[in-house]
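In: Predicted model and sequence follow; I will ask about them next.
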Amino acid sequence: MIAPGPALLLFALLLLLAAGIAWPEHGLWARLRRARRDARRIGIEDTLKYLFHRESEGLAVHPDAIAGALGIRPTAARDLLDRLSAAGLVATAGATHALTARGRQEALRVVRTHRLLEQYLADRTGVEPEDWHALAEEAEHDLTPEEAEALASRLGQPRFDPHGEPIPTADGTLPVTTIRPDGPPPERTLADATPGETVRVRRLTGACRGPQRRRLLDLGVVPGTTITAELSSPGGDPVAYRIRGALIALRRHQAAWIEIDGPGRAA
């Protein structure tokens, strides 16, 4: 038989444990439910944004492509698409999926928040340019629409992010542009660099969009990066460039998306 003292202590511990698990707002189950809801919302927002970027490139979207882009199982991707379809955000045609008008507006909201965050990181912090995208990817799901608009006001309602991508307006309008209007036209691009020349990146031009822009950003092609033209194929296209220690082959039209410091500027 357990003595009264230890029995009461055991009962109190069990009561505290039960309260910690089942407490309505702060218990373990409540936190797990919130985590599941947050994960589901993040998956939905990431899917909408992925669909938006793919459609901007005129490309069809299949569930397997979404699974690969989001790093989830194909069954999870199909479940996300079913949820989006039921909510009226995605329309299905055979094996492909496309945003509805409502889905596009929601996707533009997420894109707006992401690009505002990148602009904030560029303007107001000492974060390195190669880290802007990843940090904005994490934070974009945490901002409410009201907080995003407060951030936009604080930044002076910027029209473009630091990479030259247009920032959707608060009402979901995406400026259509092929060149950033608030800067001079390119004087030189990487395609003009001569073999052995080392140059410094000024920016990516507005003509470089979608997955192509993201690939260059992931390679570290951001303002201030130095690039050396090293090896040229026999026909002159592609050319191998030394970028952040790696040798990367770019076609001439891809190199033309990278504006570099012109003659007379430090490189």
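Out: The structure has been received and is ready for your questions.

In: quick one: pLDDT of residue 160?
Out: Note on residue 160: pLDDT of 82.

In: same question, residue 190
Out: If you check residue 190, the pLDDT there is 92.

In: and the gap between it and residue 163?
Out: Residue 190 sits 16 Å away from residue 163, going by Cβ to Cβ, to the nearest Å. Yep, even glycine has a C-beta here, placed from its N, CA and C like the rest.

In: What of residue 255?
Out: Noted for residue 255: a distance of 17 Å to residue 163, by Cβ to Cβ.

In: Ok, residue 125 next?
Out: From residue 125 across to residue 163, the span is 16 Å (Cβ to Cβ).

In: out of the two, which sits in the more crowded spot?
Out: More crowded of residue 125 and residue 163, by other Cβ atoms under 10 Å: residue 163, with 25 against 11.

In: tell me the SS of that one?
Out: Under the three-state scheme (DSSP: H, G, I helix; E, B strand; the rest coil), residue 163 adopts coil.

In: Isn't it up against residue 213?
Out: Yes. Counting by Cβ atoms under 8 Å, residue 163 touches residue 213, with 6.7 Å between them.

In: So for the two, which residues contact both of them?
Out: residue 204 (Cβ atoms under 8 Å, 6 or more residues apart in numbering).

In: What segments of the stretch 151-267 of the chain are helices?
Out: 210-218, 252-255 (DSSP state H, counting those that start in this stretch).

In: remind me which residues of the stretch 1-150 of the chain are low pLDDT?
Out: Along the stretch 1-150 of the chain, segments meeting pLDDT under 70 span 1-38.

In: mind running it again at 80?
Out: The stretch 1-150 of the chain contains residues with pLDDT under 80 at 1-39, 56-59, 94-95, 126, 130.

In: now the stretch 151-267 of the chain
Out: Flagging of the stretch 151-267 of the chain using pLDDT under 80 yields the residue ranges 163-165, 174-187, 205-214, 217-218, 232-236, 262-267.

In: Which residue ranges of it form strands?
Out: For the stretch 151-267 of the chain, the strands defined by DSSP state E, counting those that start in this stretch cover 188-189, 198-204, 226-232, 239-243, 246-250, 258-260.

In: nearest to residue 93, of those strands?
Out: strand 198-204 (32.9 Å; Cβ to Cβ).

In: Can you name every helix or strand that that closest one contacts?
Out: For strand 198-204, the elements it packs on are helix 210-218, strand 226-232, strand 258-260, judged by 3 or more Cβ pairs under 8 Å, 6 or more residues apart in numbering; DSSP states H and E.

In: what's the closest of the ones you listed to residue 145?
Out: That would be helix 210-218 among those, by Cβ to Cβ, at 24.6 Å.

In: contacting residues around that closest one?
Out: Residues lying outside helix 210-218 but in contact with it, judged by Cβ under 8 Å, 6+ apart, are 53-54, 56-57, 130, 133, 163, 165, 204, 208, 254, 257-258.

In: Repeat the analysis, applying 10 Å as the threshold.
Out: 52-59, 69, 129-130, 132-134, 163-165, 201, 204-208, 221-222, 225, 243, 248, 250, 253-254, 257-258 (Cβ atoms under 10 Å, 6 or more residues apart in numbering).
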